[in-house]
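> predicted model and sequence below, questions to follow.
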Amino acid sequence: DAANVNRPKQTLDGVSFLPVIQNTGNVEREAVFWHFPSYVGRGAPSSAIRMGDWKLIEKYEDRSVELYNLADDIGETRDLASSNIAKANELYTRLTSWQKETRAAIPSLSNPNYEPSAVRDRRKGGQKGGGQSRRQRR
C-alpha cells in the first residue's frame, strides 16, 4: 500500500500497516501466524500461531505441538500442550484452518541429514569433518 503497487496474484496473509505508519489508524488481528516449511538456521520446519498470551508451535518433523502462555513464560520453557488440551486443540484448529486458507506448503518428509551445528559452522566460514561436506564423507 505504501508503495502504491499492485498486489501479487498469490494468496497473501496480511493487512496493510500503512494506517499505523501514517498515524491514521490501528492494525488489529485476532491471531498472528508464522510458517517455516524448511530448515532455517538451527530451526526445523514448523508453524506457529499466537493469540493473545498463547502461542502454539506445530513441529513437522515429529508432528508434535507445543503450547506456551507467554504472559507467564516469555522464554517458552514450560510446554502446556498436555496439561491444557482444550487450548492446544483450539489453537491447532485455527492454525490448520489458516494453513488451508493460505495454501501453505506443508512438508511431508523430514530431513534426517539436517545438522544444525553444520549450518552454524558454515556461517562462521569453517566446515566440520576436516573440510569435507557431509556429501563428500559418505
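Cool, the structure landed. These numbers come from a predicted model, not from an experiment.

> right, and Ser47 touches His35 too?
Yes - here Ser47 reaches His35: they are 4.8 Å apart, a contact under C-beta atoms under 8 Å. In short, each C-beta sits where N, CA and C put it, glycine included.

> mind checking which of those two has more residues around it?
It is Ser47, of Ser47 and His35, that has more neighbours when counted by other C-beta atoms under 10 Å, with 22 against 18.

> which strands or helices does the helix or strand the more buried one falls within pack on?
Per DSSP states H and E: Ser47 is located in strand 46-51. Applying 3 or more C-beta pairs under 8 Å, 6 or more residues apart in numbering; DSSP states H and E, one finds that strand 46-51 contacts strand 32-36, strand 54-59, helix 85-101.

> tally of neighbours for Val32?
Using other C-beta under 10 Å, Val32 has 11 other residues around it.

> not including adjacent chain positions, what is the nearest residue to it?
Spatial nearest neighbour of Val32, chain neighbours left out: Arg50 (4.8 Å); criterion: C-beta to C-beta, 6 or more residues apart in numbering.

> contacting residues for that neighbour?
By C-beta atoms under 8 Å, 6 or more residues apart in numbering, the contact set of Arg50 is 31-33, 70.

> mind doing that once more with 10 Å?
29, 31-34, 56-57, 68, 70, 91 (C-beta atoms under 10 Å, 6 or more residues apart in numbering).

> and those, which are buried?
If you count burial by 16 or more other C-beta atoms under 10 Å, the buried members of these come out as 33, 56-57, 68, 91.

> just say which of the helices and strands packed on strand 46-51 is most tucked in.
By mean neighbour count, with neighbours taken as mean count of other C-beta atoms under 10 Å, strand 54-59 ranks first of the helices and strands packed on strand 46-51 at a mean of 20.

> hmm, back to that, for the residue nearest to Val32, give its distance to Tyr92.
Separation of Arg50 from Tyr92 (C-beta to C-beta, to the nearest Å) stands at 13 Å.

> intersection of neighbour lists for these two?
Residues touching both Arg50 and Tyr92 (C-beta under 10 Å, 6+ apart) are Leu56.
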